[in-house]
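Chemist: Just a sequence and a predicted model for now, questions to come.
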Amino acid sequence: ILEANMTAPGEDRVIEFDIPGSGMPTLDVSTRLPELVGPAVIDGTSQEGGFVEIANGAEVDLGLLLTGSGVTARGLVVTGFGSNGMVLGAAGGHTVTGNYFGYRPGELSSNRGNGDSGSGGAGLLVASPGNVVGRADAPNYFAHNGSDDLTAGPKPGDDGATVRDAFPKSGNVKVQAGGGATIAGNRIERGVGIVVEGATAGVTITGNEIESPLGLVVAATGNSAISVTQNAISGPTPRDGESVGVAVVGSAIVAIGNNEFDQIGTAVVGALSRYLTVTSNTIDASIGALLIGGIRTAITGNTIDAIVGVLSIGEDAAHTERTISTNEFIGHAGVVTAGGTLDKITGNSFDGEIAAMLVASSDGEFTGNTVESAVGVWLVSPLSPEFGDNTVSGNLFEGSFGAVVMEERATVAANSFDGPYVAIMASPS
């Protein structure tokens, strides 16, 4: 590393390995290694067998620190460091592909994780902008790194702040404030998947396979833009009701699209989030999306097979304006909102026991939906001026009951009813 650092930029700054012996060589690190200053390459694939292990041989907190800009790291197995296995620092633009973090190839069940000292560390810490972490043809493999607190799923009665603060702050991969990366094509399991926090420099998480009771925690703030797209996110078997696919617990603008969620307790949690979009995902979960507080969330174009498709809880007048549109809901209940204002449920198809229930809500719209559920829409609110004024119009109801109205000032108009029993039941009148 020191020799590479002293080599002038533009010359050969490549670290290669030719360590004698059979099997993968292990470099036991007893003191912290010097930082590797980019541009440079550290290439474990140059070793016969394709990998070199860099392991904590004492009480070393950090495995490998990449600084400068443009370091490429490949063919490394990074294990056992107390804080972080690898840090992408300084100006960024680093590339990390084809590595293992937290276990050796073929030894997934053997925990050699990094960041297990309670320091909030990770297998890989992204602390700089513009990095590449994995590619479809050269994935990284992560397991056992960072926090092992996987029981942070929302509990009944939790408010948005409680949910937000309960999730762990470290995982297999962590992007800290000021960091940014395209995290693509990786395999992540056995621990919290990816954590993004602070005001980031832009993060795209795409094409990864994540198998974990807690896939992603997005706690980024400000105007950070986070894209979560085309990932396969699955929970444990049998299904753990507290498992979470993606938790959005910061104020960043987050887009979750075209992902596949399987065997998950709650696919998406939004706690005090703003401008969260959940679009064109395939979801198999107990709860498709749990929204607590926040503003202007859009749930559109998803296929949701869940006991409850969307459970939306508004905490005050500022937590309003959900748009739930053009989704296919399969399961017991499609949409349940409580305390919502200006929520729009439009253009969806429902096939279950109940399509939608609006509780203690105001100025909501249930329009243009196709409903094959036994009960179409149920409006129930206290008799108070602050609740009511919800509209049900332009829907096709094909179940036993169309609209059940138990609130003041509801409008039910221009719907089609093709069910055997009751079109509209209103109490009080």
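Modeler: All right, it came through fine.
Chemist: Quick check: closest non-adjacent residue to residue 34.
Modeler: residue 1 (5.1 Å; CB to CB, 6 or more residues apart in numbering). Where C-beta positions appear, they are placed from N, C-alpha and C, glycine not excepted.
Chemist: ok, now which ones touch residue 189?
Modeler: Neighbouring residues of residue 189 by CB atoms under 8 Å, 6 or more residues apart in numbering: 108, 142-143, 210-212.
Chemist: Out of these, flag the one nearest to residue 38.
Modeler: residue 142 (22.3 Å; CB to CB).
Chemist: Residue 217 versus the closest one, what's the distance?
Modeler: 15 Å (CB to CB, to the nearest Å).
Chemist: What is the burial count for the closest residue to residue 108 other than its chain neighbours?
Modeler: The shortest distance from residue 108 to any non-neighbouring residue, by CB to CB, 6+ apart, is to residue 143 (5.9 Å). Using other CB atoms under 10 Å, residue 143 has 24 other residues around it.
Chemist: cool, and residue 221?
Modeler: Neighbour number of residue 221 under other CB under 10 Å is 13.
Chemist: Wait, it touches residue 249, no?
Modeler: No: at 10.1 Å, residue 221 does not count as touching residue 249 under the criterion of CB atoms under 8 Å.
Chemist: The residue nearest to residue 108 contacts residue 190, correct?
Modeler: Yes: counting by CB under 8 Å, residue 143 touches residue 190, with 3.8 Å between them.
Chemist: where do the contact lists of these two overlap?
Modeler: Common neighbours of residue 143 and residue 190 (CB under 8 Å, 6+ apart) are 102-103, 108, 111.
Chemist: thinking again about what came up before, and residue 142 and residue 217? Which one has more around it.
Modeler: More crowded of residue 142 and residue 217, by other CB under 10 Å: residue 142, with 35 against 28.
Chemist: just to revisit the earlier point, tell me which two in the contacts of residue 189 are the farthest apart.
Modeler: Largest separation among these by CB to CB: 108 and 210, giving 14.4 Å.
Chemist: ok so, going back, ok, so of the contacts of residue 189, who is nearest residue 368?
Modeler: Nearest to residue 368, judged by CB to CB, of the contacts of residue 189 is residue 210 at 35.0 Å.
Chemist: give the contact list for that closest one.
Modeler: Contacts here follow CB under 8 Å, 6+ apart; on that basis residue 210 touches 188-189, 193-194, 216, 231-234.
Chemist: ok, and the closest non-adjacent residue to the residue most central in space within the chain?
Modeler: Nearest to the geometric centre of the chain sits residue 246, at 2.5 Å (CA atoms, centre = their mean). Among residues not flanking residue 246 along the chain, residue 216 sits closest, at 4.5 Å (CB to CB, 6+ apart).
Chemist: buried set for stretch 47-67?
Modeler: For stretch 47-67, the neighbour count (16 or more other CB atoms under 10 Å) marks 47, 51-56, 60, 62-67 as buried.
Chemist: with those in mind, which one is nearest to residue 390?
Modeler: Taking those together and measuring to residue 390 by CB to CB, the closest member is residue 66, at 55.2 Å.
Chemist: Enumerate every residue touching the closest one.
Modeler: 35-36, 38, 73, 86-90, 94.
Chemist: quick one: it and residue 112, what's the gap?
Modeler: 21 Å.
Chemist: How confident is the prediction for the residue nearest to residue 34, by pLDDT?
Modeler: We have a pLDDT of 96 for residue 1.
Chemist: Can you name the element that comes right after the helix or strand of the chain with the lowest mean pLDDT?
Modeler: Across the helices and strands of the chain, mean confidence by mean pLDDT, DSSP states H and E is lowest for helix 160-166: a mean of 79. Going down the chain from helix 160-166, the next helix or strand is strand 173-175, by DSSP states H and E.
Chemist: packing partners for that following strand?
Modeler: Other elements packing on strand 173-175 under the criterion 3 or more CB pairs under 8 Å, 6 or more residues apart in numbering; DSSP states H and E are strand 124-126, strand 181-184, strand 194-198.
Chemist: could you give the mean pLDDT of it?
Modeler: Rounded mean pLDDT across strand 173-175 is 96.
Chemist: Residues touching that strand, excluding its own?
Modeler: Under the criterion CB under 8 Å, 6+ apart, residues 120-126, 133, 142, 145-146, 181, 183, 186, 188, 193-197, 200, 203, 220 lie in contact with strand 173-175.
Chemist: where exactly do the strands run in the stretch 1-150 of the chain?
Modeler: Counting by DSSP state E, counting those that start in this stretch, one finds strands in the stretch 1-150 of the chain at the ranges 14-16, 26-29, 36-37, 40-43, 52-56, 62-67, 71-74, 76-79, 84-88, 95-97, 100-101, 124-126, 131-133, 141-143.
Chemist: Mean pLDDT for those - can I get that in CSV?
Modeler: Shown next, in CSV, are the strands of the stretch 1-150 of the chain (pLDDT from 0 to 100):
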stretch, mean pLDDT
strand 14-16, 97
strand 26-29, 97
strand 36-37, 97
strand 40-43, 97
strand 52-56, 98
strand 62-67, 98
strand 71-74, 98
strand 76-79, 98
strand 84-88, 97
strand 95-97, 98
strand 100-101, 98
strand 124-126, 97
strand 131-133, 98
strand 141-143, 98
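Chemist: Nearest to residue 386, out of those?
Modeler: Once the strands of the stretch 1-150 of the chain are compared by CB to CB, strand 124-126 is nearest, at 45.4 Å.
Chemist: tell me which strands and helices that closest one is in contact with?
Modeler: Taking 3+ CB pairs under 8 Å, 6+ apart as the contact cut, strand 124-126 packs with strand 84-88, strand 173-175.
Chemist: Walk me through which strands the first one pairs with, and which way each runs.
Modeler: It stands for strand 84-88. When pairs are called by DSSP bridges, strand 84-88 turns out to pair with strand 62-67 (parallel), strand 124-126 (parallel).
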